[in-house]
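A.B. asks: Need coordinates for the below:
(one chain, ligands or ions: 1)
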Amino acid sequence: MANLPGTTDRRIDALLTLLTENSTIVISGEKIAKEIGVTRQQVWRWVQKMRELGVRVKGHARTGYHIERAPDILVPQLLSRRLFGTPFARRIYHFFKTDSTNTVAMQLGEQGEPHGALVLAEEQTAGRGRAGRKWISEKSAGIHCSILVRPPISPAHAPLLTLVAGLAARDAAAEELDVLPDIRWPNDLLVRGRKFSGILTEMHAEPDRMHYAVIGIGINVNQTKMPTELADFATSLRMETGKVHSRLEVLIRLLRHLDRYYNQFIAEGAGPILRRFAEVSSYFQGKRVRITTPIEVFTGTTAGLESSGVLRVMRDDGGGIESVLSGDVAEAS
Ligand code: BTN
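C.D. replies: Numbering: from 1, shown residues only. The predicted structure is shown next:
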């Protein structure tokens, strides 16, 4: 694995895994020390550090330790076991804080890191959204993850990769919600018209060959409110259901669905992905929309997707069908 500065210490990872998997029992400092290969004094220091990170560990070196409630931290060792059999289990880079997981994953791509590497952060200080926007990434409230993929496809088919990720995130979230989420092309996830997840796909490619792509997924999970300027447009799973959701479980489901859709896309091509998008997105066909591209703003009605994943819109101004490669899509009245 690449040696990245700032990733979570493997021993904290091991300690968190040990305590979480044995949350109902008290484990002696000595046993922990032996299992993770450090001294008892060091275990004490790590426990202190974990308490600073908000993990509620009870006990002390003499009596042993136990965790009051399994912490919802995206611990690599735990994840790796639960993702066994997928390409995401092997190389998981976890940060308590980083600028942007997409930036880290792009660097890993450049360094030759293999397909499936996963970058996770409890908090991002410079989370990036589409069209140069920011993605607010409050500590441990949402999922901030980036997946490095090396698909054998041409860059022209990259929009399909984005649809694949959107479908996976949609299915993972649907299991947490009482109402079905919608996908606003290409991959904003909405519930009751408000956005709770976005995807930023970046790639390194030549005109006819993709070297690698990074799929960055942000999901608002346990935020209890949104910043004033976003309050009318954004929401979280918790704000919708009134319940606390396990980020770990949502992430595992997201990656399992991603593995399934990705394999289907590589094996069978665009067909099944486009059909699934048509089933679950109200934006696929017949939706009145306002499209904002870098060169113009126009209104029209959606008319399906091209085989490359590009959105077709019948323009109101009589200009016929427009193929929208990228841009902002908003529901129009
Ligand atoms: C959007 O809807 O504008 C896309 C948001 C993408 C946010 C995610 S969070 C994880 C990854 N790292 C980033 O800096 N951005 C993506």
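A.B. asks: of all of the stretch 151-300 of the chain, which residue lies closest to the ligand?
C.D. replies: Per Cβ to the nearest ligand atom, residue 198 is where the stretch 151-300 of the chain lies closest to the ligand, at 2.0 Å. Where C-beta positions appear, they are placed from N, C-alpha and C, glycine not excepted.
A.B. asks: mind listing what's buried in the one helix or strand that residue maps to?
C.D. replies: Using DSSP states H and E, residue 198 maps to strand 194-206. Within strand 194-206, the residues that qualify as buried by neighbour count (16 or more other Cβ atoms under 10 Å) are 194-203.
A.B. asks: tell me the contacts of the residue of the stretch 151-300 of the chain closest to the ligand?
C.D. replies: With contacts taken as Cβ atoms under 8 Å, 6 or more residues apart in numbering, residue 198 has the following neighbours: 129-130, 135, 187-189, 217-218.
A.B. asks: Who does it form a beta bridge with?
C.D. replies: Taking DSSP bridges, one obtains residue 218 as the residues bridged to residue 198.
A.B. asks: Per-residue confidence at residue 70, what does it come out as?
C.D. replies: According to the predicted model, the pLDDT of residue 70 comes to 73.
A.B. asks: Please tell me how far it sits from the ligand.
C.D. replies: Spatial separation of residue 70 from the ligand under the definition Cβ to the nearest ligand atom, to the nearest Å is 24 Å.
A.B. asks: What's the local residue count around that residue?
C.D. replies: Here the number of neighbours of residue 70 (other Cβ atoms under 10 Å) works out to 18.
A.B. asks: Would you agree it is in contact with residue 24?
C.D. replies: No. Counting by Cβ atoms under 8 Å, residue 70 stays clear of residue 24, with 10.0 Å between them.
A.B. asks: Could I get the buried residue list for the top helix by length along the chain?
C.D. replies: Using DSSP state H, we find that the single longest helix of the chain is helix 247-268. Counting neighbours by 16+ other Cβ under 10 Å, one finds that the buried residues in helix 247-268 are 247-248, 250-259, 261-262, 264-265.
A.B. asks: which strands and helices sit next to the next helix or strand after it?
C.D. replies: The element immediately downstream of helix 247-268 (helix or strand, assigned by DSSP H and E) is helix 271-280. Under the contact criterion of 3 or more Cβ pairs under 8 Å, 6 or more residues apart in numbering; DSSP states H and E, the helices and strands touching helix 271-280 comprise helix 158-174, strand 182-184, helix 247-268, strand 297-305.
A.B. asks: I'd like to know which elements the longest one is packed against.
C.D. replies: On a contact count with 3+ Cβ pairs under 8 Å, 6+ apart, helix 247-268 meets helix 76-82, strand 142-149, helix 158-174, strand 209-220, helix 271-280.
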